[in-house]
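J.: could you look at this predicted model? Sequence included:
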Amino acid sequence: MTSMPRAGVVTPDLAELLASHRDRLRPPAVVMQPARFGAARLTRFSFSRSLVRRAARDRWAVERVRFEMDAAGRGVAVYRVVAGGSVFHFVAFTTTLDESVHTDRVVADAWEVAAALVEGELTDAFLAELAHTVPLQERGRLDPRVLVLTRGNRSVRFFEYLVDRLASGRQPDPDDVGDAGYIMRSTAFYANGKFGMKSFLGYPDGHPLGAPYRAQMLAAWLFRELGYDSVENCARLRGGDAAIGFAGPWRQFFGLGNATGLGLVPYFVKHPCVVNAWFAVRESALAHVRSLPASPERLATLRWWIDRAALHFASGDDTPRPPWSSPHDLANACDRIRAALAEADRAPLPFDELYRWAECQDDETCELVVSMLIELDDSIDDELLDEVLRVDEDPGVDPLMTIGRLGELLTDRFAWLDELRLDDGRAAHYWWVISDNTEEPRRAVRRAIAPRHRAVAIDVALRLRALRTAVEAAPPDTAVGRFLADHPEHAPAVARVASSDLPYAEARDNVCDASFLPLQMQRFQLAMYGMDNFSPKSTDWLRVTLYQGAPRVADIDRAPGDGWVWPPRPAAVGEATA
Amino acid sequence: MAAVVVAPREITDLVDRASRVFGCGVGAAVRVAADVCHCEIHHGAGVTAWLEMCDRGVLAELAGAARALDGAAIDVAAGRSGRRQFAAPVPCVLLSRALAAWAQRGVVPVDWPTSVRGVDMVDSIELVAGPTPSAALLAAAGERRRAALEAGLAVDSAEWERLEAAAAGFLLAEAVLDAADEHG
């Protein structure tokens, strides 16, 4: 009998990528610090950007095939997508709610927009089914024809303002738009088997939405389109011949808003293999770019991104964003980055030089530089990106491994646990729980509410510490399988050790500590989705914007590349007509 | 029977939560949830068997007993005898996934039926060194899994409602959480 090789947790390509840049990779001790990854920004690997590139490259055809809305914006809209030989429909049911009912939380009883992305042809019978179940959201029951379920509300501040402007033949006034980067704001994109929808791993090979989060990103892109179409339709019905459509840069300035809560924290902790892949592609690309010599094209590209970011941040509003930098602080950071590049651009490895400067700056500046440097990467194309982000999430525990070996791995790979002060009384201040209100994750103070059987097992740091103590007390030649038969409570921690050969799988953090800041794990994931404009509203939730500046569906065949990212707020334009 | 089509992950998620309510710790609940999902995909009657154990109040006890299978398999891997007599009969739902995993390591049960369901009860088990599953068997198992992920699994509606109700006991009332937050 032999020990079976571990399941392919790291795909060969991901492992090769990391190995090929071994000398220049940033160590996990740096990358996985919460303050560092909590300063991440979008990159060319972000899911929204890879979706747009894919849609453009493969010439996806998007058509609005049904739009029955009244002057208040109530009705039904259907968008048909033909992608890679497959047909999808984004079906949205809209209504209006009193402003007092609007909420940013995932939890609510009613929404102005309830929508689904479905695969295949849309018959009248299926549409009727969706009309019944989709507005129910979590209380409805779907089937594998449905890929994504989402919902949201209009921006209370801006929807009516924009309708009024267009209805009276005027484009928006930039001074009135302020920090509004969106028309509608979503709160959730359920998928992957939830409520009976199709499982992600059930997508066949070659499926056009077979990359992680591609289905959700397609739904979000069409949700954003719905916002534009709704405003223009309301304006047309109210303004008649005087009405115009969005023109010039306003045609694609607005993105889709999103409000994000604590649900991203359990996701980050429960999916170490996924998280590792997300970090690994970024770190591999950064290491590659740092090894590149200067070329006029590369320097010009990097300067373009610095200027683009500077203009974007400088033209937005400047509300404080604690614990993060305000937009104008970021614009100032761009000025410093530009100056640092001017100093570095004659060095043999100017991008490495710039990074070394950046790592001596604050976390936000450093990660802004990282994002812009990754724009230069030419080592990971979109095919490879899709491939390496599909990971096997079952690392498998070798039951024949000895406790002695397990202890060695704990010592070698989890020394960072000692930096978390896990013996401090504050280390177990919180426990994580799921609320009975639409199953939203929450954290509870342990001395206020006893966990009993309800604790969500994301207390990884505490569990690893407990495992370490148990392992020290067990005979070293005991097989792990036998140890777990006697101590099943340690199974989650042993599974973490099993995946510990993945360098970027574990945040150096304790989610139960009194000082734990959820915003940091949230921001990294949101950046990976392609969101920006991070606006924290508490320690636990924030608002963001997705697809701001992105091409509209009608423009996708013009191969836009990535130049739409970080759009500046449009300057005032005249009474342009559409 | 009236059936509801569910995704495999829904079975895992609900059984995990509900097993906690019925006395399993974190690690045991995760294992039971994976067992039930695997059984529904490959053998059927996984949820039925899980509900029967809950009805009898023996879920945590039998989940613990079933883990003895790993000890037996490790004994076989070390060249020793791999027989275990369970104190009380254990349903196949708690054994079939582990048996499939051990089979891939060349540890197989003696006199094991070619077809089992989750509710079938087992008094004892004997494991020996044996051949790993054929490529055809592995391909068939892979196809069952793929089909379940693509089209979902049909589960008895009444049983599904019972499982959902049981899993709801894992949740905490929003009002309790809000009240605790308000009082600092």
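T.: Received it, and whenever you're ready, just let me know what you need.
J.: okay, now the unreliable bits of chain A?
T.: Within chain A, the ranges that satisfy pLDDT under 70 run A:1-12, A:100-108, A:178, A:559-560, A:572-578.
J.: hey, where'd the strands end up in it?
T.: A:61-69, A:75-83, A:86-94, A:113-119, A:146-154, A:182-191, A:255-260, A:430-434, A:441-445, A:531-536, A:542-546 (DSSP state E).
J.: can you add distance to chain B and give these back as CSV?
T.: Every residue, glycine included, has its C-beta placed from N, CA and C. Formatted as CSV, those follow (distance: least, Cβ to the nearest Cβ, whole Å):
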stretch, distance to chain B
strand A:61-69, 25
strand A:75-83, 18
strand A:86-94, 14
strand A:113-119, 11
strand A:146-154, 11
strand A:182-191, 10
strand A:255-260, 18
strand A:430-434, 5
strand A:441-445, 5
strand A:531-536, 18
strand A:542-546, 18
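J.: distance to residue A:226 and mean neighbour count for those strands - can I get that in JSON lines?
T.: Formatted as JSON lines, these follow (distance: least, Cβ to Cβ, whole Å; neighbours: other Cβ atoms under 10 Å in any protein chain shown):
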{"stretch": "strand A:61-69", "distance to residue A:226": "9", "mean neighbour count": "15"}
{"stretch": "strand A:75-83", "distance to residue A:226": "6", "mean neighbour count": "19"}
{"stretch": "strand A:86-94", "distance to residue A:226": "5", "mean neighbour count": "22"}
{"stretch": "strand A:113-119", "distance to residue A:226": "7", "mean neighbour count": "25"}
{"stretch": "strand A:146-154", "distance to residue A:226": "9", "mean neighbour count": "26"}
{"stretch": "strand A:182-191", "distance to residue A:226": "7", "mean neighbour count": "24"}
{"stretch": "strand A:255-260", "distance to residue A:226": "9", "mean neighbour count": "26"}
{"stretch": "strand A:430-434", "distance to residue A:226": "30", "mean neighbour count": "21"}
{"stretch": "strand A:441-445", "distance to residue A:226": "28", "mean neighbour count": "20"}
{"stretch": "strand A:531-536", "distance to residue A:226": "18", "mean neighbour count": "23"}
{"stretch": "strand A:542-546", "distance to residue A:226": "13", "mean neighbour count": "25"}
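J.: and residue A:175, how far is that from residue A:543?
T.: 21 Å (Cβ to Cβ, to the nearest Å).
J.: what's the residue closest to the geometric middle of chain B?
T.: residue B:35 (2.0 Å; Cα atoms, centre = their mean).
J.: residues touching that one, list them.
T.: Residue B:35 makes contacts with B:46, B:66, B:93-98, as judged by Cβ atoms under 8 Å, 6 or more residues apart in numbering or on different chains.
J.: in contact with the nearest residue to residue A:201 once chain neighbours are set aside, which residues?
T.: Counting by Cβ to Cβ, 6 or more residues apart in numbering or on different chains, residue A:201 lies nearest to residue B:149, which is 4.8 Å off, once chain neighbours are set aside. Residue B:149 is in contact with A:198-199, A:201-202, B:7-8, counting by Cβ under 8 Å, 6+ apart.
J.: buried among these? Make that a PyMOL selection.
T.: Only the buried entries of these go into this PyMOL selection, using 16 or more other Cβ atoms under 10 Å in any protein chain shown:
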select buried, (chain A and resi 198+199+201+202) or (chain B and resi 7+8)
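J.: now the contacts of residue B:149 as a markdown table including distance to residue B:74?
T.: As requested, the contacts of residue B:149 are arranged in a markdown table below (distance: Cβ to Cβ, whole Å):
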| residue | distance to residue B:74 |
| --- | --- |
| A:198 | 38 |
| A:199 | 33 |
| A:201 | 30 |
| A:202 | 34 |
| B:7 | 33 |
| B:8 | 28 |
